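Trainee: What follows is a predicted structure for the sequence shown.
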Amino acid sequence: MTSRLLSFMPSLVSRAPRSLSGGAVAALLAVLTGCGGEATDTPPEAPAAAAGGDTATLAAEAVRIAGFVVDSVRLSPWRAVVTVPGRLQLDPEAFETIGSITEGRITHVVVRVGDRVRAGQGLVFIHSHEIMDARAALRSAESAVDAADAERRLAESAAERAQRLFDNKAMSRAELERAQVARTVAVSTHARAVSERDRAAALVEHLAGTGPLPTGADEHDVITRTPIGGVVTSRDAQPGTVVLPGTPLLTVGDPSRLQLVMHVPESAAASVQPGFRVRYTVADAPAASYEARVWRVAPTIDSVTRTLEVLARPSGPLGGRAESFVQAEISGEAQAPVRTVPSAAVVAFDGDTVVFRAEQRGEGLYLEATRVRVGRRTAERVEVLAGVDAGATVLVQGAAIAKAELLRRRGGGGGGEH
């Protein structure tokens, strides 16, 4: 709020309190009563108090004690604002739940929650017969490749010799063709053996990875590795536990990639669209605010909570950590200009909704309770549909003092307020 402090009595008002205690209010009322609520230097043209008691001219001393602040009725584009609680969570695209890839017994878990890991690092070792069978199959396949390679070289040599003999008319065509077929079969057998070896090697690599075994592991351990770098955010794996394929072991995520999850009431669902700006504060540090942008709005209303899920991504420095609770304010696009006043300027007065119009009269202050009809609200501004024009000056700070004085003038001592 860009309210301005009253321009009159600058040396006194600058020392006025920001808020008044009950004793200060009583003292102010005593000042008002003692002086009849009229400024001694009020010019003759100042309007007299209305018979209904909805106007008053306060003396300079009363103004000094109250520390009034005023603002103007502004004509500005309206932005729809929805205030909702929310929660920061890891971006689903930035974390990975790592499950067991085999059946076996966990022998080692080498990380804890909060540890930073790199892509490909071994995190959990599982003793399994599957890796034993895979290593045995790899050794067998490598032997088969060696035998097939020898047969292939022999067949190729025999085919080349048969071709020379045939060229020298020392061998029949039928014998040459048999040698060539034997070479083709040997080449095919060798290729099949290489394929089986590669498949067996890929299975071993899938179960244990490549390179030397990590410290603490042996060749009978399946090594569960992380596909992404980041921080371990949860750990379900415990040494000695028997697991099956798919059993969750760990979760690894990137803590620098967060998203904001909010649930907007059904009544405000139409006011939220992708691209809207979000300003949020974290529960443990409410003084600082952060920015985000709505990127996804759920297509349906939750049938149980009657809320709409809205997701936003931070567009600047991160505020808080994953699973922190926040208070978020979703702001829409600017709409047609409307008249607005600061939220603090609108008060309930004797059953009506009013603003206190303010006008400087010498060193005093002329106040008038003006009934208004209001529309949309945000935490900072209220739309005024009728009652005051753009540019009018209204009281923002000190409305409680103004209410007490005007009610006193009505003679009800506040009893008529509800």
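Mentor: It's in.

Trainee: where does the stretch 251-400 of the chain dip in pLDDT?
Mentor: Judged against pLDDT under 70, the low-scoring parts of the stretch 251-400 of the chain cover residues 334, 379.

Trainee: try 90 this time
Mentor: Within the stretch 251-400 of the chain, the segments meeting pLDDT under 90 span 253-258, 265-273, 275-277, 282-289, 314-324, 329-400.

Trainee: can you give me the helices in the stretch 101-250 of the chain?
Mentor: Counting by DSSP state H, counting those that start in this stretch, residue ranges of the helices within the stretch 101-250 of the chain are 129-167, 173-208.

Trainee: quick one: buried residues of the longest one?
Mentor: By neighbour count with 16 or more other CB atoms under 10 Å, helix 129-167 contains the buried residues 130-131, 134-135, 137-138, 141, 144-145, 148, 151-152, 155-156, 158-159, 162, 166. No exception for glycine: its C-beta is placed from N, CA and C like everyone else's.

Trainee: same check, this time on the last one
Mentor: For helix 173-208, a neighbour-count test (16+ other CB under 10 Å) marks 176, 179, 182-183, 186, 189-190, 193-194, 196-197, 200-201, 203-204, 207-208 as buried.

Trainee: State the mean pLDDT of that helix.
Mentor: Per-region confidence: helix 173-208 scores 94 on mean pLDDT.

Trainee: Number the chain from 11, please
Mentor: Understood, numbering begins at 11; the last thing we discussed is helix 183-218.

Trainee: List the beta-bridge partners for the residue nearest in space to the middle of the chain.
Mentor: When CA atoms, centre = their mean is applied to the chain, the residue found nearest the centroid is residue 270 (1.9 Å). Residue 270 forms beta bridges with residue 98, residue 322, as assigned by DSSP bridges.

Trainee: these two touch, right, it and residue 291?
Mentor: No - the pair residue 270 and residue 291 does not pass the contact test of CB atoms under 8 Å, sitting 11.6 Å apart.

Trainee: Remind me what the helix or strand hosting residue 343 packs against, helices and strands.
Mentor: Residue 343 is part of strand 335-352, with elements assigned from DSSP states H and E. For strand 335-352, the packing partners by 3 or more CB pairs under 8 Å, 6 or more residues apart in numbering; DSSP states H and E come out as strand 84-100, strand 268-275, strand 287-292, strand 295-307, strand 317-324, strand 391-396, strand 403-407.

Trainee: Tell me which of the ones you listed lies nearest to residue 223.
Mentor: Within the helices and strands packed on strand 335-352, the stretch nearest residue 223 is strand 84-100; the backing value is 31.1 Å (CB to CB).

Trainee: Now do the shared contacts for residue 270 and residue 291.
Mentor: Taking CB atoms under 8 Å, 6 or more residues apart in numbering as the contact criterion, the common neighbours of residue 270 and residue 291 are residue 336.

Trainee: coming back round to it: kindly export the strand holding residue 343 (C-alpha atoms) in PDB.
Mentor: Taking only C-alpha atoms (Å, rounded to 0.1, in the frame of the first residue of the first chain), the coordinates of strand 335-352 have been written out as PDB:
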ATOM      1  CA  PHE A 335       4.100 -25.600   3.700                       C
ATOM      2  CA  VAL A 336       3.500 -22.200   2.100                       C
ATOM      3  CA  GLN A 337       0.800 -19.500   1.800                       C
ATOM      4  CA  ALA A 338       0.300 -18.700  -1.900                       C
ATOM      5  CA  GLU A 339      -1.400 -15.800  -3.700                       C
ATOM      6  CA  ILE A 340      -2.400 -16.500  -7.400                       C
ATOM      7  CA  SER A 341      -2.800 -13.400  -9.500                       C
ATOM      8  CA  GLY A 342      -4.700 -13.300 -12.800                       C
ATOM      9  CA  GLU A 343      -4.200 -11.100 -15.800                       C
ATOM     10  CA  ALA A 344      -5.100  -7.400 -15.600                       C
ATOM     11  CA  GLN A 345      -8.700  -6.700 -16.400                       C
ATOM     12  CA  ALA A 346     -10.700  -3.500 -17.100                       C
ATOM     13  CA  PRO A 347      -9.900  -0.600 -14.700                       C
ATOM     14  CA  VAL A 348     -12.100  -0.300 -11.600                       C
ATOM     15  CA  ARG A 349     -12.200   1.900  -8.500                       C
ATOM     16  CA  THR A 350     -10.300   0.400  -5.600                       C
ATOM     17  CA  VAL A 351      -9.200   1.400  -2.100                       C
ATOM     18  CA  PRO A 352      -6.800  -0.200   0.400                       C
END
